[in-house]
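Engineer: Okay, here's the prediction I keep looking at, along with the sequence it came from:
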Amino acid sequence: MQYTEKKFEIPDLNGISKASVDAHLGLYAGYVKNFNAISGLLAEYAKDSEKNAHALSELIRRRSFEFDGMRLHELYFEQFEGGASPLAVDGALTKQFEAEYHKVEYFLAMFRAIGLMRGPGWAILYWDPETKQFLTGFSGEQHQGHFVTLPIILALDVWEHAYLLDHGTTGKDKYIDAFFKNLNWSVIEQRFVNVAK
């Protein structure tokens, strides 16, 4: 089965240029293309798995990297669709933030600190349906450090490609500020409501 590149309706963003968004979407398209290409090679290489053991192992490792890049970017871009929208002060997401972090601002400060960690990757907010609590984490690159099986509520790309064009190599903090200014929190709220039943 081939995966299809999704299209996103992203409005003009404050602090994140159209050129940056277009370049970023191009990278996303590459993840989809590369995942499909690798998937197509696996059956052929598997015909002689002993001879192709090294190639197969590298393809399998690379395949999860491409898949996670594809899916995380889909979550990322969806968060901007519909334009910036504030977090509902009486919504389920705010209530959960307050139950766990006392104030939404405390959660945001912690999540921002995760995003500012050194190295390429993603700051991610997960929901654990079993314990009914949030887990925050940093996925190195995009295929390491995940909380397996947990649904993702919020995804912040902190690879340099997300901010380099607009803010330079040292502008990650400015980019993170822009990211939060442009979030459509209703999208994130709906993700939470869907999994926190």
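Structural biologist: It's in. Numbering: from 1, shown residues only.
Engineer: what stretches of this protein score poorly on pLDDT?
Structural biologist: Counting by pLDDT under 70, the chain shows no low-confidence range.
Engineer: make it 90
Structural biologist: Scanning the chain for pLDDT under 90 picks out 1, 43, 197.
Engineer: now the helices: where do they sit in it?
Structural biologist: Under the criterion DSSP state H, the chain carries helices at the ranges 18-46, 53-78, 92-101, 104-115, 164-167, 172-182, 185-195.
Engineer: Nearest approach to residue 152 belongs to which of those?
Structural biologist: Minimum separation from residue 152 across the helices of the chain (Cβ to Cβ) falls at helix 53-78, 5.7 Å. No exception for glycine: its C-beta is placed from N, CA and C like everyone else's.
Engineer: Which positions within stretch 69-82 qualify as buried?
Structural biologist: 69-80 (16 or more other Cβ atoms under 10 Å).
Engineer: Please look at residue 5 and residue 32 and confirm they touch.
Structural biologist: Yes. Using Cβ atoms under 8 Å, residue 5 is in contact with residue 32, at 4.6 Å.
Engineer: For residue 68, grab the count of nearby residues.
Structural biologist: Residue neighbour count, defined by other Cβ atoms under 10 Å, stands at 19 for residue 68.
Engineer: For it, which residues are in contact?
Structural biologist: Contacts for residue 68 were tallied using Cβ atoms under 8 Å, 6 or more residues apart in numbering; they are 139, 142-143, 146.
Engineer: Highest neighbour count among the residues you listed?
Structural biologist: Tallying neighbours with other Cβ under 10 Å puts residue 142 at the head of the contacts of residue 68, with 25 neighbours.
Engineer: For that residue, which non-adjacent residue is spatially closest?
Structural biologist: For residue 142, ignoring the flanking residues on the chain, the nearest one in space by Cβ to Cβ, 6 or more residues apart in numbering is residue 68 at 4.4 Å.
Engineer: Okay, the one you found and residue 146: tell me how far apart.
Structural biologist: Note on residue 68: its distance to residue 146, by Cβ to Cβ, to the nearest Å, is 8 Å.
Engineer: Check residue 116 too.
Structural biologist: As for residue 116, its distance to residue 146 is 20 Å (criterion: Cβ to Cβ).
Engineer: same thing with residue 169?
Structural biologist: According to Cβ to Cβ, residue 169 stands 27 Å off from residue 146.
Engineer: ok, now which ones touch residue 91?
Structural biologist: Applying Cβ under 8 Å, 6+ apart, we find residue 91 in contact with residue 189.
Engineer: One more: the one 5 residues further on?
Structural biologist: When contacts are counted by Cβ under 8 Å, 6+ apart, residue 96 touches 134, 192, 196.
Engineer: end-to-end on stretch 77-93?
Structural biologist: Counting by Cα to Cα, to the nearest Å, you get 20 Å between the two ends of stretch 77-93.
Engineer: Report the distance from it to the chain centre.
Structural biologist: Remark: stretch 77-93 is offset 16 Å from the chain centroid, using Cα atoms, centre = their mean, to the nearest Å.
Engineer: Nice, that's everything, thank you.
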